[in-house]
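[1] take this sequence and fold it.
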Amino acid sequence: MSTKSTIVHGKDFHLYTDGYDRDNIFLNLPSSAVELEDIDEVSIKIPLAVWEYIRQQTCVDFTWVGKTDEQILQYVTDEVDNRLSIEIKNAIQRFSGMLVYGLTDDPRDSQIRKGVAYYHACRSRQTEIQNELNDYLKK
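    Purely as a prediction, here's the structure:
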């Protein structure tokens, strides 16, 4: 007879308590999730205090889920116009936001196009995560 008591599980994980260990919870993952070879699965023992701390944190951002193309365009346009209105005093300011919009001396339309593409990709990724979460919550 197993002493495991499932908290939640999915196709690629199993989170459970063990009746013989009341100070920890356990997370089983397939080896592919942690990039190990020659091992079928990994069991991670997590102290309850650590688990509770982790559980209260979040790193998932759902800011862009549900935003329309028009809302994204307006946000990006405002951000680009703000970037262009600031007097550039040093190289740090010139490169600020470069990964999203490009350089501050790139044409305005180019910065807006890059920004919109970036936030559309953010929205798509956040929507994927939201859908995965909803799938787990349905179970």
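[2] got the phi and psi for residue 27?
    phi -120, psi 120 (degrees, to the nearest 10).
[3] do the same with residue 88
    The phi/psi pair for residue 88 (degrees, to the nearest 10) reads phi -80, psi 120.
[4] quick one: it from residue 105, how far?
    As judged by Cβ to Cβ, to the nearest Å, residue 88 and residue 105 stand 8 Å apart. Yep, even glycine has a C-beta here, placed from its N, CA and C like the rest.
[5] these two: which has the busier surroundings?
    Higher neighbour count among residue 88 and residue 105: residue 88, with 15 against 9, using other Cβ atoms under 10 Å.
[6] residues contacting the more buried one?
    Residues near residue 88 by Cβ atoms under 8 Å, 6 or more residues apart in numbering: 94, 104.
[7] between residue 88 and residue 105, what contacts are shared?
    residue 94.
[8] give me the nearest residue to the spatially most central residue of the chain, chain neighbours excluded.
    The residue lying closest to the centre of the chain (Cα atoms, centre = their mean) is residue 60, at 4.1 Å. Using Cβ to Cβ, 6 or more residues apart in numbering and skipping residues adjacent in sequence, the residue nearest residue 60 is residue 129, 6.1 Å away.
[9] many thanks, have a good one.
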